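Trainee: how would this look folded up:
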Amino acid sequence: MPKTSKELPLEPLNPSLNSVQQSMTNHLIYSVGKDPITATDRDWFFTIANVVRERLIERWMATMRRYYVEDAKRVYYLSMEFLIGRSLMNSVLNIGFEDEVRKACSEAGIDLSIVKDMEFDAALGNGGLGRLAACFLDSMATMGIPGYGMGIRYEYGMFHQKIEDGWQVEHPDNWLRYGNPWEFPRPEVLYPVKFHGRVAQFIDEHGNSHFHWTDTDDVMAMAYDTPIPGYGLDTVNNMRLWSAKASRDFDLKYFNEGNYIRAVEDKNQSENLSKVLYPDDTTDMGKELRLKQQYFFVSASLQDILFRFQKHHHGFDELPNKVAIQLNDTHPAIAIPELMRLLVDLHHLKWDHAWDITTRTFSYTNHTLMPEALETWLVSLFESVLPRHLQIIYEINQRFLTNVMHHFPGDSELLKRMSIIEETRGRRVRMAHLAIVGSHHVNGVAQLHSELMKTTIFADFDRVYPGKLTNITNGITPRLWLNQANPGLTQLITSRIGKDWITDLSQLKHLKKLSDDKKFQAEFRAVKRANKERLAALVMNKLGIVIDPDSLFDVQVKRIHEYKRQLLNLLHVITLYNRIRSNPELDVVPRTVIIAGKAAPGYATAKLIIKLANSIADIVNNDPAVRGLLKLVFIPNYDVTTASEIVPAADLSQQISTAGTEASGTGNMKLALNGALTIGTLDGANIEIMQEVGEDNIFIFGLNTREVAELKSSGYNAWSYYQTNNELKWALDMIGSGYFSPDRADRFQSIVRNLTQGGDQYLLLADYAAYVAAQERVDALYRDREQWTRRAIFNVAGMGKFSSDRTISDYAAKIWGAKPVLD
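Mentor: Numbers count the residues shown, from 1 in each chain. Alright, predicted model coming up:
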């Protein structure tokens, strides 16, 4: 039986033990139920988690009490995803408990570095959207803003990615296998959620129409609460996740007849709603389940919000003054007709009154510029699953279009473009249009993104609702992405400018004056070197690949998608490989290219890109002609913990999406904050990063959004780029001919066809030459150790704007009207 401690005394009240060690002893025995002699690493994790948890609870209760006493305006952040990651060290650091925990563990002979790795990542998100939500919860708590995260308690999170024979293979992410010490089940907080059925209409004695949604299939939503601690304050906010429970456990009649499967059939179907994050929606059943998931958590959340509001307020007139609901993308947009249903059907408000309350309560964050990524649902599916909501959406749409017609008479094409109901591809509900019409503010997440919203996909709405569309640039929490992830750099920065930067990231600007300080540069390089050694050890341990910490660590870590252009990165790897093989005397900068990310299970092209990356790595890493000058590594199962290991070690940050496709990006911020230089296009937040760190401290290349539009409109000919650039043609021919797939020569031909003959939707070939040239500038600078370090320091110093604290401050002031409530 593994054991990490010396024997602790069994007496729970031994006065010779300090309070933390005493608390550990008590929790090991009475909460975990283990003797110290037999305790495993996981037992000690749960023990320490319980010690931390009890300190969170005291602050949590005091915070909730404070909000009630102040009758504070509350912010409810509705999101399908919360990519929280691990909570132990985040909580320990945020409540200032690290020294005590480390001392108690040391005295007990417990290796905290081993024990903390027993925690599973709460991977309740797919990528940037969910991690952004988690960063926002951290910032709201740190700033004392009454903020609540509302989502789904998925039994299985984002799949666990394994690489088998170079292919991504998805395995269930059973993150709750050993339990979750941070959550508090609330079996008394239970709300019915309805599906299907029919809508009965009746007229009252005053001639008013009323609607009753009846004969429904009901599921119960049960709350699970997780405390979210702020940094350096006593504020602990709440994340409430909903789990689906059957309205009855099993049918006793079928059970008594011996039909055990039928007896629990309804229970299993009901509880499938919160089983898996993002079920495969390529099938009709998958689409229905996903729509049901969205409505499930929205309905439970709104019932809960109204219940809490009504405990202290009469009527609903004050709701917009006491409640702000933020829709994180369109997934929770069904909340708009749901609130109307609750106000009109259940609480009998007049339509206009209810609509005024609704539109002053909701705001919506848009996360995509790509029309094909904007969520729509078939009207027929809505009619089956949520018949009353479809009626309400029709009514919202009719009133909205009437208003547009009055202001812009005679423009029938405008009405078609703006309608919530799309008629061109089969009748579909446009959820983004619904979210815009039903919200008082709509924000983009980077300056470029917000401007493009106004001039492209939502130009009509900006014309009809001037001032409604605005910008709030995304940010990241420095507590996780620097203070926790990079303790070496944290200590170095704090030793020079103090620790106020942890809650005021603009303080990093004071590092600029140290950029030419030789001693500080040497210490900065030493921190980076130590982080690279740690990552090299991890890669060796997990993958058996030796990488050189002295090489340039060239990192691209993000969801695998064609628009993020991992393929462009791979084309450069092949180009470097060909140059090294062709010229044994070539003086090149040793480079380790690191890629990580998951492909959606149903996204065949993205999964093929992963296979290609691993196939290229197999050839390049084992070719003696390369002489160790180039390595390619694909690190599997990219999650928050893995990101925390990769990001501090990066020298170069690849942010190379086609201009105009990435809304913001937050990986660019995390990497720059940890001293990586960015190579990127003028896309998303890259532009604002360039403005903050200086054009000399970033490698910008490629077409801008105007040039992309002009090239596409003039008739982009990818084949001509292929034919006229010898290195590009060489790389693509190697992919297509089977050089990297000798067991099956045609495996990657579809990738080459898509790029050369299939339109090259994301303009990889058009940007290839500029990208290679930018990488040559990277090599030239990396040879100058002092200049590279100076520019890396400038990147760290320029990241003050990109704190999620600044982002939340902007939301609170410009959109929510929420203020901090401090002790």
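Trainee: Under a three-state scheme, what state does Glu170 occupy?
Mentor: strand (DSSP: H, G, I helix; E, B strand; the rest coil).
Trainee: residues contacting it?
Mentor: The neighbours of Glu170, taking Cβ atoms under 8 Å, 6 or more residues apart in numbering as the test, are 159-161, 601. C-betas here are computed from N, CA, C, even on glycine.
Trainee: Turn the buried ones among the residues you listed into a named PyMOL selection, would you?
Mentor: The PyMOL command for the buried members of those (criterion: 16 or more other Cβ atoms under 10 Å) is given here:
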select buried, resi 159+160+161+601
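Trainee: Where helices are concerned, which of the contacts of Glu170 count?
Mentor: When DSSP state H defines the helices, the subset of those inside them is empty.
Trainee: Widest-spaced pair of the contacts of Glu170?
Mentor: In terms of Cβ to Cβ, these reach their longest pairwise distance at His160 and Pro601, which sit 12.0 Å apart.
Trainee: if you look at the contacts of Glu170, which of them are in strands?
Mentor: The strands in this structure, assigned by DSSP state E, contain 160-161 from the contacts of Glu170.
Trainee: In TSV, list the contacts of Glu170 along with distance to Glu585.
Mentor: Putting these into TSV (distance: Cβ to Cβ, whole Å) gives the following:
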residue	distance to Glu585
Phe159	46
His160	45
Gln161	40
Pro601	46
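Trainee: Nearest to Ile700 among the contacts of Glu170?
Mentor: Distance to Ile700, by Cβ to Cβ, is smallest for Gln161 among the contacts of Glu170, at 31.5 Å.
Trainee: List the residues that contact the closest one.
Mentor: If you count contacts by Cβ under 8 Å, 6+ apart, then Gln161 has 168-171, 598, 636-638 around it.
Trainee: Just the buried ones from those residues?
Mentor: 168, 170, 598, 636-638.
Trainee: Closest one of these to Gly738?
Mentor: Checking the buried ones among the contacts of Gln161 against Gly738 by Cβ to Cβ gives Gln168 as the nearest, at 20.8 Å.
Trainee: and that closest one, bridged to which residues?
Mentor: Ile163 (DSSP bridges).
Trainee: residues in contact with it?
Mentor: By Cβ under 8 Å, 6+ apart, the neighbours of Gln168 are 161-162, 598-599, 607, 610-611.
Trainee: Who wins on neighbours among those?
Mentor: The most crowded member of the contacts of Gln168, judged by other Cβ atoms under 10 Å, is Lys598 (25 neighbours).
Trainee: you'd agree that residue is up against Met158?
Mentor: Yes - taking Cβ atoms under 8 Å as the definition, Lys598 is a contact partner of Met158 at 6.9 Å.
Trainee: Any buried residues in the lengthiest helix in the chain, and which?
Mentor: Secondary structure of the chain read by DSSP H shows that its longest helix is helix 41-70. Within helix 41-70, the residues that qualify as buried are 41-53, 55-56, 59-60, 63, 66-67, counting by 16+ other Cβ under 10 Å.
Trainee: need the helices for the stretch 401-550 of the chain, in chain order.
Mentor: Secondary structure of the stretch 401-550 of the chain (DSSP state H, counting those that start in this stretch): helices located at 412-418, 431-437, 447-455, 459-464, 478, 487-497, 518-543.
Trainee: Give me the three-state assignment for the residue of the chain most remote from its centre.
Mentor: Ranking residues of the chain by C-alpha distance from their mean position (Cα atoms, centre = their mean) puts Glu205 at the top, at 51.4 Å. Classification of Glu205 into helix, strand or coil gives coil, according to three-state DSSP.
Trainee: Could you tell me the model confidence score at it?
Mentor: Each residue has a pLDDT score; the one for Glu205 is 86.
Trainee: Likewise for Leu17?
Mentor: Looking at Leu17, its pLDDT is 48.
Trainee: swap in the one 4 residues further on?
Mentor: Looking at Gln21, its pLDDT is 89.
Trainee: Isn't it up against Ser106?
Mentor: No - applying Cβ under 8 Å as the test, Gln21 and Ser106 come out as separate, 10.0 Å apart.
Trainee: on that earlier part again, how about the helices of the stretch 401-550 of the chain, which one is nearest Asn237?
Mentor: Of all those, it is helix 478 that lies closest to Asn237, at 17.9 Å by Cβ to Cβ.
Trainee: In which helix or strand does Gln787 reside?
Mentor: When secondary structure is defined using DSSP states H and E, the element that contains Gln787 is helix 785-797.
Trainee: actually Ile336, sorry about that
Mentor: Using DSSP H and E, Ile336 falls in helix 335-341.
Trainee: counting contacts, what elements does the helix or strand harbouring Ile751 pack onto?
Mentor: Taking DSSP H and E as the criterion, Ile751 maps to helix 749-756. Under the contact criterion of 3 or more Cβ pairs under 8 Å, 6 or more residues apart in numbering; DSSP states H and E, helix 749-756 touches helix 604-620, helix 718-724, helix 726-737, helix 764-782.
Trainee: looking at those helices, which is buried most?
Mentor: Among those, the stretch with the highest mean neighbour count (mean count of other Cβ atoms under 10 Å) is helix 604-620, at a mean of 20.
Trainee: mind saving the C-alpha coords of the one helix or strand Asp805 maps to as CSV?
Mentor: Counting by DSSP H and E, the element that carries Asp805 is helix 804-811. Included here for helix 804-811 are C-alpha records, laid out as CSV according to Å, rounded to 0.1, in the frame of the first residue of the first chain:
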residue,chain,number,x,y,z
SER,A,804,-9.5,39.2,-16.3
ASP,A,805,-9.8,41.7,-13.3
ARG,A,806,-9.7,44.5,-15.9
THR,A,807,-12.2,42.6,-18.0
ILE,A,808,-14.6,42.1,-15.1
SER,A,809,-14.2,45.7,-14.1
ASP,A,810,-15.3,46.7,-17.6
TYR,A,811,-18.3,44.4,-17.5
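Trainee: And for it, what's in contact with it?
Mentor: For helix 804-811, with Cβ under 8 Å, 6+ apart as the criterion, the contacting residues are 75, 132, 135-136, 138-140, 142-143, 145, 147, 326, 443, 472-478, 503-506, 800.
Trainee: pLDDT on it, on average?
Mentor: Taken as a whole, helix 804-811 carries a mean pLDDT of 98.
Trainee: for stretch 161-180, same thing?
Mentor: Averaging pLDDT along stretch 161-180 yields 96.
Trainee: Pull out the buried positions in it.
Mentor: Of the residues in stretch 161-180, those scored as buried under the neighbour-count criterion (16+ other Cβ under 10 Å) are 161, 163, 166, 168, 170, 173, 175, 180.
Trainee: Identify the residues contacting the last one.
Mentor: This means Asn180. Asn180 makes contact with Ala122 under the criterion Cβ under 8 Å, 6+ apart.
Trainee: Reformat the buried ones among the contacts of Gln161 as CSV; add distance to Asp304.
Mentor: Listed next are these as CSV, based on distance: Cβ to Cβ, whole Å:
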residue, distance to Asp304
Gln168, 37
Glu170, 33
Lys598, 32
Pro636, 38
Asn637, 34
Tyr638, 33
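Trainee: Just give me the closest of those to Ser363.
Mentor: Lys598 (29.8 Å).
Trainee: For the stretch 201-350 of the chain, which segments are assigned as helices?
Mentor: In order along the chain, the stretch 201-350 of the chain carries the following helices (DSSP H, counting those that start in this stretch): 252-256, 260-263, 265-271, 284-310, 319-322, 335-341.
Trainee: tell me the mean pLDDT over the second one?
Mentor: With pLDDT averaged residue by residue, helix 260-263 scores 56.
Trainee: cool, the fifth one as well?
Mentor: Along helix 319-322, the predicted confidence averages to a pLDDT of 98.
Trainee: Tell me the buried residues in it?
Mentor: Using 16+ other Cβ under 10 Å, the residues of helix 319-322 that count as buried are 319-320, 322.
Trainee: can you check stretch 543-563 too?
Mentor: Neighbour-count burial for stretch 543-563, with 16+ other Cβ under 10 Å as criterion, is recorded at 545, 547, 549, 551-563.
Trainee: Now intersect those residues with the strands, please.
Mentor: Judged by DSSP E, the subset of these located in strands is 552-557.
Trainee: Next secondary structure after the longest helix of the chain?
Mentor: As the chain continues past helix 41-70, the following element, by DSSP H and E, is strand 74-78.
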